Each structure stands twice: as C-alpha cells, then as structure tokens.
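Colleague: pasting the sequence and the predicted coordinates here, then a few questions.
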Amino acid sequence: DVEHYNKLLYLCSVQIGNDGDNGDADVGVSHLGLQRGFEIFQQMLNDQVEPNEATFTNAARVAAAKDDPDMAFELLKQMKNFEIVPRLRSYGPALFGFCKRGDAVKAYEVDADMIESGVMAEEDELSALLEVSVEVKNEDKVYEMLHRLRAVVRQVSESTLKIIEDWFNSEYA
C-alpha cells in the first residue's frame, strides 16, 4: 500500500554516512539508496498504487539528495497533474536545491509556483531566496524577500540576520 512505498522512499532519501569512517563505502551505499528510491517510485506507479503528497515529496527528496533540483521540480508538477495539493515541504527539495546551486531564476520559478498554489513560504525558504538574490545581486528580489520576511517572521534567525547584514554592508545595497 501507499504507506509502505512512502516509508521506503523516505528511507532512500535520507543521506547516509554523515558520521561514518569509511567515506567511499558510504557514498556507494548512498548512491545505491538513491537509485533504489527511483526504482521504488517507478514500481509504485507501475503497480498503479495511487500516490499522495508524501509520495511525491519523498521522491523529490530523493532527487534533491542526488543533487537534481530540476527533477524535484518536475515531480512537484507531476503531483499537480494527479490533482494533489502540494504543501510547503513539497517545495523544499527543488527550492533549496536551486538556491544551493545559485540558480536564482529557477528558484524564483519555484517561489512563483508556491505563491500560485497558495503555499506561504516561511523563514527558511525566504532566507534561501534572499541569499541567492544577494549572490546574484538582484536588488529588486532582495528587497522583495526582505519585505516578505518582515511580513512573515517576527524575529529572524542568526543565519538570516547575517545574510541581511552582508547585503547592507555590500556596495550593491
């Protein structure tokens, strides 16, 4: 049933080897887990098991763990094709993947999709968007994210504060 598939997908998405001594073996095990995650997702669809939001979110996490935010975003779009309403956690793998990669344009696409779907970003998402906006020196987006942070977050975290300070201490502010 869908719960069993979701549990297997979740286990495949978890990064292996953060504390291990044998880095090479951990990378191999991690890669195998990610590959199995995609196989499990495909088998689930082949078995005509109806996926839910958790299914697509876990599959997107597998894609993100494989450093493929494009695939994570495609999975999000597939979720909508199944008429499943995405949640904030559904957007994380694609959004954070694009931000980590410095791909502001695609990060903004994910953000626009969130807004269109009525999903409200919280500090972590807005901070990531702010950081990538600062990196690419997109002044309009920096101030948009600052405004959204002000509207959503009562008090920003230390890491978000550092991004804000770095912006205002830069020559571009």
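Modeller: Yep, it's here.

Colleague: for residue 139, grab the count of nearby residues.
Modeller: 12 (other C-beta atoms under 10 Å). C-beta: built from backbone N, CA, C; applies to glycine.

Colleague: show the contacting residues for it.
Modeller: Taking C-beta atoms under 8 Å, 6 or more residues apart in numbering, we find residue 139 in contact with 172, 173.

Colleague: now do it, the pLDDT please.
Modeller: Residue 139 is assigned a predicted lDDT (pLDDT) of 97.

Colleague: same deal with residue 65?
Modeller: In this model, residue 65 carries a pLDDT of 90.

Colleague: isn't it right up against residue 13?
Modeller: Yes: in this structure, residue 65 is within contact of residue 13 by C-beta atoms under 8 Å, at 5.5 Å.

Colleague: low-confidence ranges in the protein?
Modeller: Applying pLDDT under 70 to the chain flags residues 15-29.

Colleague: what about residue 12, which helix or strand?
Modeller: helix 2-13 (DSSP states H and E).

Colleague: same question for that helix: list its buried residues.
Modeller: Residues of helix 2-13 classed as buried: 5, 6, 8, 9, 10, 12, 13 (neighbour count, 16 or more other C-beta atoms under 10 Å).

Colleague: anything in contact with each of residue 65 and residue 13?
Modeller: In contact with both residue 65 and residue 13: residue 34, using C-beta under 8 Å, 6+ apart.

Colleague: now do the helices in this protein.
Modeller: 2-13, 23-46, 53-65, 69-81, 88-101, 104-116, 123-135, 139-152, 158-168 (DSSP state H).

Colleague: please work out which of those helices is packed deepest.
Modeller: Sort those by mean neighbour count, taking mean count of other C-beta atoms under 10 Å, and helix 53-65 sits at the top with a mean of 25.

Colleague: report the angle between it and helix 88-101.
Modeller: Per axes from the mean of the first three to the mean of the last three C-alpha atoms, to 10 degrees, the angle that helix 53-65 makes with helix 88-101 is 10 degrees.

Colleague: compute the inter-axis angle for helix 53-65 and helix 69-81.
Modeller: Using the same axes, to 10 degrees: helix 53-65 against helix 69-81 is 170 degrees.
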